[in-house]
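Visitor: Got a predicted structure here, sequence first:
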Amino acid sequence: MTFEELYQEYKDLVFNLTLQYVQQAEDAEEITQDVFVSVYQSLSNFKHQSKYSTWIYRITINKSLDFIRSRKRKKRIAFVTGIFFGDHNFSQIKTFDHPGVQLEQKEVLEKIFKHINALPDRQKTALILSKIEQLSQQEIAHIMNLSTKAVESLVQRAKNNLQQKLDSEG
Amino acid sequence: MKSGNTMKDHLAALETILRVEAPPFLFTRILQKVQRQSTEYVSPRIAWAFTLSMITLVILNIAVVSFGNGKPDDDFAKYMHLMPHNSLYHE
């Protein structure tokens, strides 16, 4: 499979999955670019031990989580420099801009995503793959390199945590 | 949806998220990024050679500072009629 064929086949999958992590079209575009640059660079080393889709899912998840970590780090640095130098750029937090969310659901989903974003990385990934991407537990287990039991437990813990956070919000 | 909704409702809300298409200009941007990165590429051999030469330089510097007692330089300065100090006008 050539790089262009891979891109055509998986571009929407990658873009939609990144959107579930960052809920921002602009950021999702940036991550999608990074994912395909990685795919391009390592395509010749791909050993066909897994399916292309599994491989691309893994790269997308890692790139999305890296992006979120780096964004948090930048926010912390901006906050500290804001305290010392009076620069308040850290307050310019991007708003929820998920193009797949319908207007009437926007408020509810913004609230749910706020709590999903606060979950530990593995719980977040398991919940996104299972409830939004609608993948089977076996597929998630392959992607996350876990047993199906472990995936089941991660999804359950994610749901419990989400429930607690939503309850405490009232 | 009201605040008293169950978890089932919240999870059902997640299922209403629509699939969207990736922007059409992305492929061109990816190719540009790939090209930019390939021109900025430094081969591992060059990177290793640079690292090794830097390490050798640092080790040499440490060795000179730690084991050199400075006397040979003083003798050399006298022999060549150089001033082994920084003061002006021979005060």
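Guide: Arrived safely.
Visitor: For chain B, list the residues in contact with chain A, please.
Guide: Taking Cβ under 8 Å from any Cβ of the partner chain, the part of chain B that reaches chain A is made up of B:1, B:3, B:7, B:10-11, B:13-23, B:26-27, B:29-30, B:33-34, B:37. Every residue, glycine included, has its C-beta placed from N, CA and C.
Visitor: Of those residues, which belong to strands?
Guide: Using DSSP state E, no member of the residues of chain B next to chain A falls within strands.
Visitor: Which of the residues you listed fall within helices?
Guide: If you go by DSSP state H, those have B:7, B:10-11, B:13-15, B:26-27, B:29-30, B:33-34, B:37 in helices.
Visitor: Up against chain B, what does chain A have?
Guide: Going by Cβ under 8 Å from any Cβ, the residues of chain A near chain B are A:4, A:7, A:11-12, A:14-16, A:19-20, A:29, A:32-33, A:36-37, A:40-41, A:98-102, A:105, A:108-109, A:112, A:131-132, A:134, A:159, A:162-163, A:166, A:169-170.
Visitor: okay, now the one residue in chain B that gets nearest to chain A: neighbour count?
Guide: Closest contact between chain B and chain A, by Cβ to the nearest Cβ, is at B:Ala22 (3.9 Å). B:Ala22 has 22 neighbours, counted by other Cβ atoms under 10 Å in any protein chain shown.
Visitor: about what we covered before: may I see the PyMOL selection of the buried members of the residues of chain B next to chain A?
Guide: Per 16 or more other Cβ atoms under 10 Å in any protein chain shown, the buried members of the residues of chain B next to chain A correspond to this PyMOL selection:
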select buried, chain B and resi 10+11+13+14+17+20+22+26+27+29+30+34
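Visitor: pull the helix or strand with minimum mean pLDDT from chain A.
Guide: helix A:52-85 (a mean of 89; mean pLDDT, DSSP states H and E).
Visitor: just checking, what packs against that helix?
Guide: Helix A:52-85 makes packing contacts with helix A:3-22, helix A:25-42, helix A:121-127, helix A:137-144 when contacts are defined by 3 or more Cβ pairs under 8 Å, 6 or more residues apart in numbering or on different chains; DSSP states H and E.
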